[in-house]
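1. Sequence first, then the predicted structure:
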Amino acid sequence: MNRIERAAAAAGLAAMLAACSGTRMPERFHSLLGAERAPPAARATPVYVDVAPVRVPAQVDRAQWAVRQADDSLLLLEQDRWASPLAEELRGAIVEGLSARWSALDVGGVALPAPAVWRVRVDVQRFESLPGREARLDAAWSLSSSQRGGATLVCRHVLAEGTAEAGVAALAAAHRRAVARLVDEIGRRLQAMHAGQPANC
């Protein structure tokens, strides 16, 4: 093999190695929206809400999934990501659930001639993914009326949803169920307070 042939072979090998090293698993994107929907709550009356941006722990405030291992360490999954930032996924799921189940219209701060707008704030204190086990959601939240002297309620809920099988898709489904339960906890009290009824945690 002459010098030119050796150079061409070396270049071909280098190109092949570069192609192999550049091969990576495709990224998978998961969402908290689009869960199976329960029928609308009975006798729900329309209500305007302003859902604030959701706060999430710094450990999970990233594109990649952070899953908790058996030794209590966190592992970042490079191929599994949220379709949008987790805080936005959570807010979107809350808005979607309140609308579908509890007749709540998110006005997002738009000025409307409504008698009252209910401000919804959610602070997620723990959002944990335990592969093959469960999804955990620990959130403090509040409802407050825009009317002067209006009612205010502050609650906290700790929710866990088991996974029937291993894998991130099962964990994503468990997180959607946990968020849906949180939405119903908020929605029930929202409707009661909007109707002038007592509500507590």
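-> Sure thing, it's come through.
2. Dump the longest strand seen in the chain to PDB, restricted to CA.
-> Ranked by number of residues, the top strand in the chain under DSSP state E is strand 117-130. Presented in PDB, the C-alpha positions along strand 117-130 are these (Å, rounded to 0.1, in the frame of the first residue of the first chain):
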ATOM      1  CA  VAL A 117     -60.200  36.900  40.200                       C
ATOM      2  CA  TRP A 118     -58.700  34.100  42.400                       C
ATOM      3  CA  ARG A 119     -55.000  34.100  42.500                       C
ATOM      4  CA  VAL A 120     -53.400  30.700  42.600                       C
ATOM      5  CA  ARG A 121     -49.900  30.200  43.800                       C
ATOM      6  CA  VAL A 122     -48.100  26.900  44.000                       C
ATOM      7  CA  ASP A 123     -44.700  26.300  45.600                       C
ATOM      8  CA  VAL A 124     -43.400  22.700  44.900                       C
ATOM      9  CA  GLN A 125     -41.100  21.800  47.700                       C
ATOM     10  CA  ARG A 126     -40.300  18.300  46.600                       C
ATOM     11  CA  PHE A 127     -40.700  16.700  43.200                       C
ATOM     12  CA  GLU A 128     -39.100  13.300  43.200                       C
ATOM     13  CA  SER A 129     -38.900  10.500  40.700                       C
ATOM     14  CA  LEU A 130     -38.100   7.000  42.100                       C
END
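3. List the contacts of stretch 138-153.
-> Residues outside stretch 138-153 that contact it (C-beta atoms under 8 Å, 6 or more residues apart in numbering): 50, 115-127, 154-159, 182, 186, 189-190, 193, 199-201. Just so you know, the C-beta spots here come from the backbone N, C-alpha and C atoms, and that holds for glycine as well.
4. switch to 6 Å and redo it
-> Residues from elsewhere that reach stretch 138-153 (C-beta atoms under 6 Å, 6 or more residues apart in numbering): 116-119, 121-126, 154-158, 182, 190, 193, 199.
5. Can I have the buried ones of those residues as a ChimeraX selection?
-> Here is the ChimeraX command that selects the buried residues among the contacts of stretch 138-153 (16 or more other C-beta atoms under 10 Å):
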select :117,118,119,121,122,124,182,190,193,199
